[in-house]
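>>> what shape does this take:
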Amino acid sequence: MTHPERLLREESAYIAYHFHWAYEDILTLPHAERRAWVREIARIDSSVSEGR
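Numbers count the residues shown, from 1 in each chain. Take a look at the predicted model:
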């Protein structure tokens, strides 16, 4: 089973936007690690939004 292309694009754009990582570098991450970075960015964004 492969990761749907649309979701891969969304995850990659999200990480690239926030961390300025190269697309090629993001694509080399294993799926689980890429999802972990997406969760971490979301956590950081939530903390900033809440003023922490």
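
>>> would you map the strands across this structure?
Applying DSSP state E to the chain gives no strands.

>>> any weak-confidence spans in it?
Counting by pLDDT under 70, the chain shows low-confidence ranges at 1-2, 52.

>>> tell me where the longest helix sits in the protein.
If you go by DSSP state H, the chain has its longest helix at helix 31-49.

>>> name the helices or strands packed onto it?
In this structure, helix 31-49 makes packing contacts with helix 5-19, judged by 3 or more Cβ pairs under 8 Å, 6 or more residues apart in numbering; DSSP states H and E. In this view, the C-beta of every residue, glycine as well, is placed from N, C-alpha and C.

>>> hey, what's the angle from the helix it packs on to helix 31-49? Just curious.
50 degrees (axes from the mean of the first three to the mean of the last three Cα atoms, to 10 degrees).

>>> list the helices and strands helix 5-19 packs on?
helix 23-28, helix 31-49.

>>> to Leu7, which of these lies closest?
Evaluated over the helices and strands packed on helix 5-19, closeness to Leu7 peaks at helix 31-49, with 9.5 Å, by Cβ to Cβ.

>>> how about the closest one: buried residues?
If you call a residue buried by 16 or more other Cβ atoms under 10 Å, then helix 31-49 has these buried ones: 34, 37-38, 41.

>>> how far away from the center of its chain is that helix?
Its chain's C-alpha centre and that of helix 31-49 lie 7 Å apart, by Cα atoms, centre = their mean, to the nearest Å.

>>> just the residues contacting it, thanks.
Contacts to helix 31-49, defined as Cβ atoms under 8 Å, 6 or more residues apart in numbering, come from residues 3, 11-12, 14-15, 18-19, 26, 29.

>>> buried subset of the residues you listed, written for ChimeraX?
Remark: buried members of those, expressed as a ChimeraX selection using 16+ other Cβ under 10 Å:
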select :11,12,14,15,26,29
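
>>> wait, which of the contacts of helix 31-49 is closest to Glu50?
Set against Glu50, the nearest of the contacts of helix 31-49 by Cβ to Cβ is His18 (17.1 Å).
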